[in-house]
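Asker: whatever this is, show me its structure:
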Amino acid sequence: MAKGSKKANFTAQRVAAFPCEPGRQQSIYWDAETPGLGVRVTVGSRTYIYESRLHGRTLRISIGAAHAWPLKKARTEAARLRVLVDAGTDPREQEAEHRAAAEAKRQAARRDEVTVREAWAVYLEHLRTAISPKTKKPRSARYLADHEALAAPGGQPRKRGRQDAKTVAGPLASLLDLRLADLTAPRVAAWLEVETAQRPTNAAHAYRLLKAFIRWTADHDDYAGIVGADAWQSHKVTGLVPQSKAKAGGSLQREQLRAWFKAVKALDNPVASAYLQATLICGARREEMAALRWDDVDFRWGGLHLRDKVETLTGRDVPLPPYLASVLAALPRRNEWVFSSPTAEDGKIAEPRFSHNRALAAAGLPHLTIHDLRRSFGTLSEWVECPVGIVAQIQGHAASALAEKHYRRRPLDLLRVWHTKIEAWMLEQAGIDFKPEDAKQGLRALK
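Answerer: This next block holds a predicted model:
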């Protein structure tokens, strides 16, 4: 019993009237009826406590505020604590164990109810901020966009086509409302069977993203152990994954250049026409050419700066051959983008394939994608016997040989020699009469 404490028969009225003695921070009063039960009085508060000795040391536990605990209930709690102490149990440790068990139960219930959608949102945030262990670089915008598109709910108005047309839900969308615990091998197999029948290529791509997501959950503290590894690697699942086949792809032939250039130059949209010609002449990727800014164009020294997917941080510099320079110089300067669009949300060309398809139809040429124009550059450059390393550097291919990776970094002047030859040969096959000397006159005002 603490020094200076007093013993009395507790009543509700006495407890409410016990004072904190002058000059003291607290006063403690003990109940003469219930061993160990006391009330600690401080300025502005009074609290029921229980005190005893356990293993040779004083044990004091707060029961609760006197205004919230009726005296009878406080005596019952003190008696319960005395039973535990007499049995050698520390009530504080028991309470901690109970709290831990309750928290574990809540966590288990939470883990049992968490949905794929909730975990998927956390996964996407991880992808946006983490560095890829494979490339040692941040994930590309295209990689992130694939995750969003394949899990999109659909039902949104299409940006192109009929005004009443709606987007279709991505293949992963049907899994998002499942509990994470329900992402089992039979469920994934049933999902794959449906998606493969409707859109096999997208289904295979979605499966690869889903597999990476499940493997990520196994290493995440909040989700570890909820989804079994067999959800993606069971034979029931892998046997349904469509086999990915490399696209054969198309390419413009030498004899098709005349018809292609004629139809593209005749398009009623000069920006789309310039974009398609630039993509072919530079062998650029679709998005890196669409993202070309006026600040990236150097008319004076004949160069372009492309932000590619290989050198994501620095991009690459390629030559600006004379004919293409004259085409770009004639474009309107509506905003920062070279290939601008007054109707696009971000101000730049969004969907050039529609213009390209019209040009192909007008020329009577077989279907070619925008990426096929990049492939065409690599193929047609062989007609001028351009070194493979030159073509690869212009197109921004990752170096595949030791010498190319570490010892070959050709200056822009050397690339320009061959790039100009490739452009001149294309124009010759297309029947375009272009004199670089005449074009220089029109570019002087831009230098």
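Asker: roughly how far does Arg179 sit from Glu118?
Answerer: Arg179 sits 10 Å away from Glu118, taking Cβ to Cβ, to the nearest Å as the criterion. For every residue, glycine as well, the C-beta is placed using N, CA and C.
Asker: try Tyr223
Answerer: According to Cβ to Cβ, Tyr223 stands 9 Å off from Glu118.
Asker: please enumerate the shared neighbours of these two.
Answerer: Counting by Cβ atoms under 8 Å, 6 or more residues apart in numbering, the residues touching both Tyr223 and Glu118 are Leu180.
Asker: more neighbours: which of these two?
Answerer: Taking Tyr223 and Glu118 together and counting by other Cβ atoms under 10 Å, Tyr223 has the greater number of neighbours (21 against 15).
Asker: can you pull the contacts of that one?
Answerer: For Tyr223, the contact set (Cβ under 8 Å, 6+ apart) comprises Arg111, Val114, Ala119, Leu180, Thr217.
Asker: at 7 Å what do you get?
Answerer: Contacts for Tyr223 (Cβ atoms under 7 Å, 6 or more residues apart in numbering) come out as Ala119, Leu180, Thr217.
Asker: looking at the residues you listed, which is nearest Ala130?
Answerer: Thr217 (14.6 Å; Cβ to Cβ).
Asker: over to that closest one. Which of the three states is it?
Answerer: Here Thr217 takes the helix state, with states given by DSSP: H, G, I helix; E, B strand; the rest coil.
Asker: and it, how many neighbours does it have?
Answerer: Under the neighbour criterion other Cβ under 10 Å, Thr217 is assigned a count of 22.
Asker: am I right that Tyr50 is in a helix?
Answerer: No: assignment of Tyr50 by three-state DSSP gives strand, placing it outside any helix.
Asker: do I have it right that it meets Gly36?
Answerer: Yes: counting by Cβ atoms under 7 Å, a contact exists between Tyr50 and Gly36, whose distance comes to 5.0 Å.
Asker: ranges for the strands of the stretch 51-200 of the chain?
Answerer: With DSSP state E, counting those that start in this stretch, the ranges of strands along the stretch 51-200 of the chain come out as 57-65.
Asker: so where's it uncertain?
Answerer: Low-confidence segments of the stretch 51-200 of the chain (pLDDT under 70): 108-109, 159-164.
Asker: ditto for the stretch 301-447 of the chain
Answerer: Counting by pLDDT under 70, the stretch 301-447 of the chain has low-confidence residues at 309-314, 398-409, 438-447.
Asker: okay, now Leu414: neighbour count?
Answerer: Using other Cβ under 10 Å as the criterion, Leu414 is surrounded by 13 other residues.
Asker: mind checking the SS state of it?
Answerer: Recorded secondary structure, Leu414: helix (three-state DSSP).
Asker: and the nearest residue to it once chain neighbours are set aside, how close does it get to Arg410?
Answerer: Sequence neighbours aside, Ile390 is the residue nearest to Leu414 in space, at 7.6 Å (criterion: Cβ to Cβ, 6 or more residues apart in numbering). Using Cβ to Cβ, Ile390 is found at 7 Å from Arg410.
Asker: ok, those two, which is more surrounded?
Answerer: Of the pair Ile390 and Arg410, Ile390 is the one with more neighbours under other Cβ under 10 Å, namely 19 against 14.
Asker: what's the helix or strand for the more buried one?
Answerer: Counting by DSSP states H and E, the element that carries Ile390 is helix 388-395.
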